[in-house]
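Student: below: sequence and its predicted model.
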Amino acid sequence: MTRGDSAVSLGGSRGGTDGSPSPEKHCKRVIQQGPQPGIVTLGSPEARGLSPAGDTTPVGGGAEAGGGSGRRRGRAGAGRGAGPARCRPAGHVALRHRSHIYRGARARSPQSVLVAAARHATATMTHQHPALTAEQKKELSDIAQRIVAPGKGILAADESVGSMAKRLNQIGVENTEENRRLYRQILFSADSRVKKCIGGVIFFHETMYQKADDGTPFVQMIKDKGIVVGIKVDKGVVPLAGTDGETTTQGLDGLWERCAQYKKDGADFAKWRCVLKISEHTPSALAIMENANVLARYASICQQNGIVPIVEPEILPDGDHDLKRCQYVTEKVLAAVYKALSDHHIYLEGTLLKPNMVTPGHSCPTKYSPEEIAMATVTALRRTVPPAVPGVTFLSGGQSEEEASINLNAINTCPLVRPWALTFSYGRALQASALSAWRGQKDNAEAATEEFVKRAEVMGVALLGGQCQGLGRWGHCVPTGGEVAEDYVPQADIKHRGLCPVGCQGPWSPWKGHSSVSVGGH
């Protein structure tokens, strides 16, 4: 063959009903027979399977089409067609292959050429099936928007039995089903103040069917406050064979049936957690690809059942990696996740992302400011997350209550364009104070609930970039549920100018003791 381009008509992975051979056999014939005089060019009538006259006469038919020796002409006439230049029926596509595919075909193995040709043969446009209806899309989009409404985040109360054992052991409480119910009741019995800063609550399967002391189902208690109910649907992480201690997440078996049942029982969104770790050689390409595809399959099943999927590719903060390394890995993981979501035809407007903030490893000797963490986090998101995604709900990732609120506030004051709602999906960072106040004592239940409400309101302020709209009962700024107060003053990164009701003075900095992101007073 010459170095020029050659057009080879490939019909599909199998032979046609008219007796035409498969692309693999056709390519093999090209290798064996060499260049043929009747090869068509892209865009010509011949490429559409017709002669120049527009009929179905084989192009360059007869012995000339076979070309070469009599042996080759004999083969062409023995019921196997007239070689590469034979007539193609309508529907076959002539693909123009670059010369590097066949260049030096005699020196290369036939297998390598066939592989290259097969790749071109299968490079067809994918089709979305089954597609979501307009009504399904609207329902999913509305649910997602309700969860991440301005000033609102998510309470992650989906700790497994094992995780709850660790929490309760810290305060000397036995890990029984009743004690777990009593603790969840403390959180769910908060008054209407929480609906201004909590848009959704993630349940564990056990909690989904528990009731309060008065017999009211927990699900109904949450819905009565106008908060969306969610459910954790994964079955936990398991080792990923062939990797250096990496994992994937199980739970896809039976997920369709479980999602359908959870939807009937009141859940409108779900969460699935995948875990990756940073080390010298991890995360591996295999782990990234596997977890991305698992998340995409989960998301597809959820959306088909009217449930908004929260996609959680958590990168653990364990290790001594610096901020730059975490940002790099986060970008690679998120890029793979959204590629997989696209491949699975996920409706992005009906999804939420739950990533880690870009932070250094716990053992990293370098300390970074909240501004640096915010800039790295938002930059990573801007490079990978499509604007169609309604919201990004950060996990706390082992941060303390203070760190989680300070960094969240810094992210929402970062001087970069942020097309998504940047909010929280916190468990420990919302519950630690309440758990310590409760300590398993019934008399402490009300005080524990107040601690939870306090922390939720602080997080709501952090979402608004520290906007000071009113004085809270604990002496710090609290949100007004989206209502603009008469004395409203935006406080993202400007001075209070003496207008704060408790007299803050000087430049306002959310990470230097300002009470909008701390429990104490001004």
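Tutor: Received the coordinates, thanks.
Student: now the phi/psi pair for E312, please.
Tutor: Torsion angles at E312 (phi, psi; degrees, to the nearest 10) stand at phi -120, psi 90.
Student: per-residue pLDDT, the nearest residue to it once chain neighbours are set aside?
Tutor: With sequence-adjacent residues excluded and distances taken as Cβ to Cβ, 6 or more residues apart in numbering, E312 is closest to K354, at 4.0 Å. Using the backbone N, CA and C atoms, a C-beta is placed for each residue, glycine as well. The predicted local confidence for K354 comes out at a pLDDT of 98.
Student: ok, now how distant is K354 from I307?
Tutor: 15 Å (Cβ to Cβ, to the nearest Å).
Student: Q431 contacts F452, doesn't it?
Tutor: Yes: contact status for Q431 versus F452: in contact at 6.7 Å, counting by Cβ atoms under 8 Å.
Student: can you list residues touching both of the two?
Tutor: Shared contacts of Q431 and F452, defined by Cβ atoms under 8 Å, 6 or more residues apart in numbering, are found at L187.
Student: buried sites along stretch 436-450?
Tutor: Using 16 or more other Cβ atoms under 10 Å as the burial criterion, the residues of stretch 436-450 that qualify are 437-438, 444-445, 448-450.
Student: ok, how many other residues are close to N175?
Tutor: Other residues within reach of N175, judged by other Cβ atoms under 10 Å, total 15.
Student: just say helix, strand or coil for it.
Tutor: Per DSSP: H, G, I helix; E, B strand; the rest coil, the secondary structure class of N175 is coil.
Student: my read: it touches N169, true?
Tutor: Yes: using Cβ under 8 Å, N175 and N169 qualify as a contacting pair, with a distance of 7.0 Å.
Student: common neighbours of those two, please.
Tutor: Common neighbours of N175 and N169, counting by Cβ under 8 Å, 6+ apart, are absent.
Student: could you list the low-pLDDT ranges of the stretch 151-300 of the chain?
Tutor: Within the stretch 151-300 of the chain, the set of residues satisfying pLDDT under 70 is empty.
Student: er, the chain actually
Tutor: With pLDDT under 70 as the threshold, the chain has low-confidence stretches at 1-130, 465-522.
Student: according to the record, where do the domains of it fall?
Tutor: By the assignment in automatic domain parsing, the chain contains the domains 6-121, 134-463, 467-522.
Student: coming back round to it: just give me the closest of the buried residues of stretch 436-450 to H344.
Tutor: Of all those, T449 has the smallest distance to H344: 41.0 Å, by Cβ to Cβ.
Student: wait, what's in contact with the closest one?
Tutor: T449 touches 186-187, 189-190, 434, counting by Cβ under 8 Å, 6+ apart.
Student: how close does it get to G398?
Tutor: Here T449 is placed at a distance of 25 Å from G398 (Cβ to Cβ).
Student: and what of K196?
Tutor: Computed as Cβ to Cβ, the K196 to G398 distance reads 27 Å.
Student: now the strands for the stretch 401-522 of the chain?
Tutor: Here the stretch 401-522 of the chain has its strands, by DSSP state E, counting those that start in this stretch, at 421-426.
Student: mind listing the helices for it?
Tutor: For the stretch 401-522 of the chain, the helices defined by DSSP state H, counting those that start in this stretch cover 401-411, 428-438, 445-463.
Student: tell me which of those helices lies nearest to Q303.
Tutor: Proximity to Q303 (Cβ to Cβ) singles out helix 445-463 among those, at 26.1 Å.
Student: list of residues touching stretch 246-261?
Tutor: Stretch 246-261 is contacted by residues 233-240, 270, 272-277, 282-284, 286-287, 290-291, 294, 297-298, 301-302, 304-305, 307 when judged by Cβ under 8 Å, 6+ apart.
Student: and it, end to end?
Tutor: Using Cα to Cα, to the nearest Å, the span of stretch 246-261 from its first residue to its last is 32 Å.
Student: stretch 400-420 now?
Tutor: Criterion Cα to Cα; first-to-last residue distance in stretch 400-420 is 25 Å.
Student: what comes up buried for it?
Tutor: Using 16+ other Cβ under 10 Å as the test for burial, stretch 400-420 gives 401, 403-414, 420.
Student: what does stretch 208-220 give?
Tutor: Residues of stretch 208-220 classed as buried under the neighbour-count rule (16+ other Cβ under 10 Å) are 208, 210, 212, 217-219.
Student: those residues: which two are farthest apart?
Tutor: The most widely separated members of those, counting by Cβ to Cβ, are M208 and A212 (13.6 Å).
Student: re earlier: how far away is the residue nearest to E312 from V453?
Tutor: 23 Å.
Student: my guess is I147 meets A270, correct?
Tutor: No: using Cβ under 8 Å, I147 is not in contact with A270; the gap is 11.7 Å.
Student: which neighbours do these two share?
Tutor: V308.
Student: D234: what's it in contact with?
Tutor: Contacts for D234 were tallied using Cβ under 8 Å, 6+ apart; they are 249-251, 271-273, 298.
Student: what do you get for L395?
Tutor: When the contact criterion is Cβ under 8 Å, 6+ apart, the partners of L395 are 156, 312, 314, 354-356, 425-426.
Student: got a winner among the residues you listed for most neighbours?
Tutor: For the contacts of L395, neighbours were counted using other Cβ under 10 Å, and S425 has the most, 30 neighbours in all.
Student: can you pull the contacts of that residue?
Tutor: For S425, the residues meeting the contact criterion (Cβ under 8 Å, 6+ apart) are 153-154, 156, 202, 271, 310, 354, 393-395.
Student: go again with 10 Å.
Tutor: When contacts are counted by Cβ atoms under 10 Å, 6 or more residues apart in numbering, S425 touches 147-148, 153-156, 158, 199-200, 202, 230, 271, 310, 312, 352-355, 391-396.
Student: bridging residues for it?
Tutor: Note on S425: beta-bridge partners by DSSP bridges are I154.
Student: do you know how far it is from S433?
Tutor: As defined by Cβ to Cβ, S425 lies at a distance of 18 Å from S433.
Student: ok, A335 next?
Tutor: A335 sits 37 Å away from S433, taking Cβ to Cβ as the criterion.
Student: CA-only coordinates of stretch 445-454 in CSV, if you can.
Tutor: The C-alpha coordinates for stretch 445-454 follow below in CSV (Å, rounded to 0.1, in the frame of the first residue of the first chain):
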residue,chain,number,x,y,z
ALA,A,445,-31.4,15.2,75.4
GLU,A,446,-32.7,18.8,75.1
ALA,A,447,-29.3,20.3,75.6
ALA,A,448,-27.8,18.0,73.0
THR,A,449,-30.5,19.0,70.5
GLU,A,450,-29.6,22.7,71.1
GLU,A,451,-26.0,21.9,70.4
PHE,A,452,-26.9,20.3,67.1
VAL,A,453,-29.1,23.3,66.1
LYS,A,454,-26.3,25.7,67.0
